[in-house]
Each structure stands twice: as C-alpha cells, then as structure tokens.
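J.: 3D model of this:
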Amino acid sequence: ARGKEVLAEYAVTTGNFQGISRRILEKIQKHDSKMSYTYDQYIFHYQVKDEIVYLCMADEGYGRRMPYQFLDNVQQRFLRAYGSRVQTAVALQFNEEFGRELQKQMEYYNHQNPDKISRVKQEVADVQNVMVANIDKVLERGEKMELLVDKTERMKVESQRFQNHSTKLRRSMWWKNCKLTIIIILFILGVAFVVFLVACSGFSCVKK
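T.: Reported below is the predicted structural model:
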C-alpha cells in the first residue's frame, strides 16, 4: 500500500481483518520502519520502505522471523515488477496481476515448518529491533474492533493441506513396503536355491 491506497492484496480466509488492516494503514507513518501488532492469537506485521507499506496477518505460532521474510520477499518481487510505478499507481491497480503472486508466496510460506529451536534463535537476531504492541494502542481511545476470521474456511484449507500430506505419506509407505516385500522374496529364493544346491550336491539332481 502507498499510504491508505491498497495497491494489491490477497487473503486465504474470509473475515473483517481486511477492514482492520486498512485502519492500521491509516496510523502508519511514512518513514522506513518495522512493527508488529498483536490481536488475540493473530499478529499484524508491517514494514515500510520508501513510503510503501507491506503488511500481512499471521498466526502467532509463526513467530516474527518468517512473516518478515515473507514481507521482504514480497517487497523485492513487487518493486522488481513495477519499479517507480508504485509511486503513482491508483488503488488496487496491481491487484489482479500481483494478487496471484501474493497467493503463490503465501502458499509457499504457509507450508514452511522450520525447526522450533533454530527459529527462536534466529528471531532474536533478526527482529530484536522490531517493536511489538497490542493493536488496541494503534486505534484511538474509545474505538473497539473485533477481529473475525472465518474458521470454516480456515479449517477447510488446513484439512486440504493435511489430506495432501497424508496422501504423500501413504504413497511413500506403500513404496517402502513394496521394496521390503521384494527384498524378502529375493532373500527366500536365494535361501531356497542354496538349500537346493546343498541337498543335491551342486547340480547332480538335475543331471540325474
């Protein structure tokens, strides 16, 4: 986004978080910065570079390192695709084209599962200077907003991901079982052949 003008966006679930994101955009200063706002089990992460805001929402379980990696990646791809045009673009001008890129990158990062220990260590080094505040503090006094995320849609996405993983796991186990069965059969045939040779003193049984 440039100021309050959203240039491109994408969401995997439905809810009112897009509206809350726009309220956050109204409060963000134009100077380069990074910050995270917590809201229940969700965190809104943003970074500003050259007055362009890159913002995402993630479960708190993702920590802060991965969301900021995602934002860095999006920033590089966005600037590489549109360059100086981002400074004069109108609202949602790049949404149709770059929305597909956002979907692609979100699917990639949603499937990442880094080692928890290394993730914690890296977070300390990577985001120690990133401020974190409760989202209530960014809203004016007296304002109260409720974050609503469609759990049904979210569960559907998670279920599909689990199903795909289970299918791959079943195929892998089936192939391992096949290889084990083949090895056992070859071993039994080998043992039977050795017993045959010993019992017949070589190939004398066949010659008779």
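J.: tell me the mean pLDDT for stretch 42-52?
T.: Per-residue pLDDT values over stretch 42-52 give a mean of 91.
J.: any idea of the pLDDT on the residue nearest in space to the middle of the chain?
T.: In the chain, the centroid-proximal residue (CA atoms, centre = their mean) is Asn110; its distance is 1.7 Å. For Asn110, the model assigns a pLDDT of 85.
J.: the strands in the protein, which residues?
T.: Ranges of strands within the chain are 33-39, 42-49, 52-59, 131-134, based on DSSP state E.
J.: and of the ones you listed, who's closest to Ala1?
T.: strand 52-59 (4.6 Å; CB to CB). All C-beta atoms are positioned from the backbone trio N, CA, C, and that covers glycine.
J.: residue boundaries of the helices in the protein?
T.: Assignment of helices within the chain using DSSP state H yields the ranges 17-27, 65-82, 95-110, 116-126, 151-199, 204-207.
J.: Would you reformat those helices as JSON lines and include distance to Tyr37?
T.: Formatted as JSON lines, the helices of the chain follow (distance: least, CB to CB, whole Å):
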{"stretch": "helix 17-27", "distance to Tyr37": "7"}
{"stretch": "helix 65-82", "distance to Tyr37": "12"}
{"stretch": "helix 95-110", "distance to Tyr37": "19"}
{"stretch": "helix 116-126", "distance to Tyr37": "17"}
{"stretch": "helix 151-199", "distance to Tyr37": "20"}
{"stretch": "helix 204-207", "distance to Tyr37": "84"}
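J.: Can you name the residues that contact Phe78?
T.: 8, 52, 54, 86, 94, 98 (CB atoms under 8 Å, 6 or more residues apart in numbering).
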